[in-house]
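Student: sequence plus predicted model, see below.
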Amino acid sequence: MTNDVVVDLGRANPKQAKFYASTARYVAYGGARGGGKSHAVRVQAVRGALLYPGIRILIVRRTYPELENTLILPLLHLLPEGLATYNATNHRAEFINGSVIRFGHFSGLPGELEYQGQEYDWIFVDEATQFTEREFRVLGACLRGVSDIPKRFYLTCNPGGVGHGWVKRLFITRDYRDGERAEDYEFIPATVEDNSFLLEASPDYIRMLDALPEDIRRAHRYGDWDVLAGQFFPEFDPRRHVAAPQAPPPGATIYRAIDYGLDMLACLWIAVGRDGRALVYREFCEPGLIVSRAAEEILRRTPPGERVAATVAPPDLWSRQKDTGRSMEEIFASCGVPLSRASPARAQGWMMVKELLQGDPPKLTVTRDCVSLRENLPQLLRSAEDPSDCATEPHEITHVCDALRYFASYRAGASLPPARRDGFSEYMTGGEPGRGYV
């Protein structure tokens, strides 16, 4: 008599089999909808639990209801009676060989605090483009432990969502930065045609995908990562709007535009030529700078012979601080960086940016070494509440884009008059001479 338990994990399609066999540290699967992504997660997690006794596995989705319906219940159906027990309170499947699969969801800062210090051998993130890169890195820090079990981070994904940019960079364009190694990342593309089981069960599924709006169809039907569903600036085209590194053209008017907070200083240097076309030719982005240090860094990166017509900034910098009675604008000015106030109207500012992206050649180009702007601008998504505005999440990509918005609104004549500070002398020397000045 034997106590062996037989587990039927079904038959994998070729793309799923490649996903299971990958030895890369980070493995992403999918691209198009219908490729069998969630099924691949369930099967691979159970395979790991059986192959490596004592393994610790984490499976994450954005919300718990998504997790329960697409992963927990179907995965439990794969397990024969007696192989594992499920603790619904702790969301853990505990196997008789000591392996554990934990199911978790991730919601902003509480999620970061929850996962800090935890250790897992394998981590799965289903629908990875619903997560920011920061959240991906927080979870990645949990991929550790003293066991000799190979450490794996599995992701499934479709184009679109707040995480589109970092997933595309790491797995599609493979544009790696310091500390990232190309051999650690593998992408396995799959479309609905790869999932014969779905096509047999739901033959109308392809027709449903074909009926989607053009941009969403290209993304979800074919896994096109160059089309971002919900993209706020679909007109941004690197072939038209990105230029080689270059100096400002002779006779150009130089502007600086900043977005400032302790979480990030983003500063752009923009040259407007005699033909009215704008060139973003330098950028600086750095978190954790107090105002005086921010001003110092801006001045240090502005060559002595480069005359700046205006440094455009958001109007909240004119608000006086309760503890000192001074505004950040005053501190910037005292440190040698006087500011010009931009309009707070978000929708109007974004429309001005869209205007700059028009034309052939376009009215705005960005040099290739302005990495943050050229990468983040096309990642901005439409706001779910206001189609004339962009979403404010993921927040880390908005700073440098907001700086461009302030410049665009200022150039379009939407700037506000300088705030009076010290009476007559300040009023008489602050800004362009208008009717009030005369």
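Tutor: Noted; the coordinates are in hand. Numbering: from 1, shown residues only.

Student: okay, now the unreliable bits of this protein?
Tutor: Counting by pLDDT under 70, the ranges of the chain that qualify are 1-3, 108, 228-229, 414-438.

Student: per-domain residue ranges of it.
Tutor: The record assigns the chain these domain ranges, following automatic domain parsing: 14-222, 238-429.

Student: could I get the full set of strands for the stretch 201-350 of the chain?
Tutor: For the stretch 201-350 of the chain, the strands defined by DSSP state E, counting those that start in this stretch cover 242-243, 253-261, 264-272, 278-286, 308-313, 340-341.

Student: was I right to think Tyr222 contacts Thr191?
Tutor: Yes. With contact defined as CB atoms under 8 Å, Tyr222 reaches Thr191; the gap is 6.6 Å. All C-beta spots, glycine's among them, are computed from the backbone N, C-alpha and C.

Student: and for the two, which residues touch both?
Tutor: Both Tyr222 and Thr191 are in contact with Ala32, where contact means CB atoms under 8 Å, 6 or more residues apart in numbering.

Student: residue contacts, Ile123?
Tutor: The neighbours of Ile123, taking CB under 8 Å, 6+ apart as the test, are Ile57, Leu58, Ile59, Val60, Leu139, Gly140, Cys142, Leu143, Arg152, Phe153, Tyr154.

Student: now, which of these sits nearest Glu133?
Tutor: Lowest distance from Glu133 to the contacts of Ile123 (CB to CB) belongs to Gly140, with 9.9 Å.

Student: look up phi and psi at the residue nearest to the closest one when sequence neighbours are not counted.
Tutor: Among residues not flanking Gly140 along the chain, Phe153 sits closest, at 6.2 Å (CB to CB, 6 or more residues apart in numbering). Dihedral pair for Phe153: phi -120, psi 110, per degrees, to the nearest 10.

Student: how close does Phe153 get to Tyr185?
Tutor: 10 Å (CB to CB, to the nearest Å).

Student: and the two? Which one has more around it.
Tutor: Between Phe153 and Tyr185, counting by other CB atoms under 10 Å, Phe153 is the more crowded of the two (23 against 18).

Student: quick one: the more buried one and Ala141 touch, right?
Tutor: No. If you go by CB under 8 Å, Phe153 and Ala141 don't touch, sitting 10.8 Å apart.

Student: circling back: closest to Val7 out of the domains of the chain?
Tutor: Proximity to Val7 (CB to CB) singles out domain 14-222 among the domains of the chain, at 6.2 Å.

Student: span of the closest one from start to end?
Tutor: End-to-end distance of domain 14-222 (CA to CA, to the nearest Å): 18 Å.
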